[in-house]
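Participant: Quick one: sequence plus predicted model below, questions after.
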Amino acid sequence: MTDRTAPSIAVASAADEPLICPHCGYDLRATTADRCPECGLVIDPAALRTSGFPWAHRKDLGRVRAYAQTAWLVIIDGRTIAHEAARPQDPKDARSFRRITAALVALALLAACGLLLFLEEGRVTFAATPDTFRGVNFPNKWLQDVVVPWSAGTTLPPVIPLMLIGLAFHFTAAHRRLFRLRSHPPRHRERAQAIAGYASAPMLLLLLAILWWFAVEALVRTRHFPRTWLDVPLFPAWPLLAAAVLASILRITQWSMRVRHAGLERTLIDVPYLLALWSLGLIVWLLLLPWCVGFLWIVLDSLR
């Protein structure tokens, strides 16, 4: 026996899907005009029912092409995706995009760490020695309690890669807290969280900074070009790193304002909150994690 109520249920579900004005957030389901009755924006109802992020159509475009196009559009703030907060978004698509972004950022951080160790030819070490505490004004006992466990943790081979990988995933996910819409309907909250996943794309600029650093250091060390000459046309890596951070803050706060339909005053809340979340990640992954691992290692080693 067939269920004759299924078609009507499907129709009802489609009718219940919210159709939101990209500019003011007005629910357009009750209007038949081609303009929003609240703000007058010209609308295309068919376009508002499908995601405009290329990553959502990766089966047709190909994963590499769809990822590259999505990252580019988010970084440059392309007009074709400016109103995505008003369109249906699949949270699974956004999560997979964010995970790939986090993996690429982690790869960049690991490459930078490996390059530093290679260029310094093993002279860089995190091990604490008696010379570490000479000429320090802090009480030696207190300083040793902090430095020695941290140093013991960072000298263990898996710890530094774990620190950098954890930091990369934290940086690409921490801003999701800015997109929590507690007082909105569930579908709106899903869209906001999906937008947060795509908003991590500007952090890919870290890859560009690392590649730039590779090129500069290779030219300096293999061809013996003077660094002062290279700094003029190529510039060091730190401006690109600063640009990556600023672009990430700019794009994340822009999307946060869009999903909330808020004004520039929202940045007074989002920017300090985002910086606090990133700072917390630096403390946890670069300081607290190796200290805890090192402290546990010292305790276990003393029991032998």
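Facilitator: Ah, there it is.

Participant: Low-confidence regions, the stretch 51-200 of the chain specifically.
Facilitator: Scanning the stretch 51-200 of the chain for pLDDT under 70 picks out 119-141, 143.

Participant: just the helices in it please.
Facilitator: With DSSP state H, counting those that start in this stretch, the ranges of helices along the stretch 51-200 of the chain come out as 58-61, 63-76, 91-119, 140-154, 159-171, 186-198.

Participant: Now tabulate the ones you listed in CSV and tack on mean neighbour count.
Facilitator: Yep, even glycine has a C-beta here, placed from its N, CA and C like the rest. Formatted as CSV, these follow (neighbours: other Cβ atoms under 10 Å):
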stretch, mean neighbour count
helix 58-61, 13
helix 63-76, 18
helix 91-119, 18
helix 140-154, 17
helix 159-171, 19
helix 186-198, 21
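
Participant: could these be laid out in TSV, adding distance to residue 281?
Facilitator: Output for the helices of the stretch 51-200 of the chain, formatted as TSV (distance: least, Cβ to Cβ, whole Å):
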stretch	distance to residue 281
helix 58-61	29
helix 63-76	21
helix 91-119	12
helix 140-154	17
helix 159-171	4
helix 186-198	16
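
Participant: List just the one of those that sits closest to residue 209.
Facilitator: Judged by Cβ to Cβ, the one of the helices of the stretch 51-200 of the chain that comes nearest to residue 209 is helix 91-119, at 7.8 Å.

Participant: Can you give the distance of the closest one from its chain's centre?
Facilitator: Counting by Cα atoms, centre = their mean, to the nearest Å, helix 91-119 is centred 10 Å from the centre of its parent chain.

Participant: picking up where we left off before, between the helices of the stretch 51-200 of the chain, which gets nearest to residue 205?
Facilitator: The nearest among the helices of the stretch 51-200 of the chain, by Cβ to Cβ, is helix 63-76 at 7.2 Å.

Participant: Check this protein and tell me which residue is nearest its centre.
Facilitator: residue 172 (2.3 Å; Cα atoms, centre = their mean).

Participant: Please tell me I have it right and it contacts residue 101.
Facilitator: Yes: with contacts counted by Cβ atoms under 8 Å, residue 172 reaches residue 101, the gap being 5.3 Å.

Participant: who touches both of these two?
Facilitator: Counting by Cβ atoms under 8 Å, 6 or more residues apart in numbering, the shared contacts of residue 172 and residue 101 are 200, 203.

Participant: ok so, going back, may I have the phi/psi pair for the residue nearest to the centre of the chain?
Facilitator: Dihedral pair for residue 172: phi -90, psi 0, per degrees, to the nearest 10.

Participant: just to revisit the earlier point, residue 238 is nearest to which of the helices of the stretch 51-200 of the chain?
Facilitator: Among these, the nearest to residue 238 by Cβ to Cβ is helix 91-119 (12.1 Å).

Participant: and the angle for that closest one with helix 159-171?
Facilitator: Interaxial angle, helix 91-119 versus helix 159-171 (axes from the mean of the first three to the mean of the last three Cα atoms, to 10 degrees): 140 degrees.

Participant: which secondary structure elements does helix 91-119 contact?
Facilitator: Secondary-structure packing of helix 91-119 (3 or more Cβ pairs under 8 Å, 6 or more residues apart in numbering; DSSP states H and E): helix 63-76, helix 159-171, helix 186-198, helix 205-222.

Participant: just to revisit the earlier point, roughly how far does the residue nearest to the centre of the chain sit from residue 99?
Facilitator: To residue 99, residue 172 is 8 Å away according to Cβ to Cβ, to the nearest Å.
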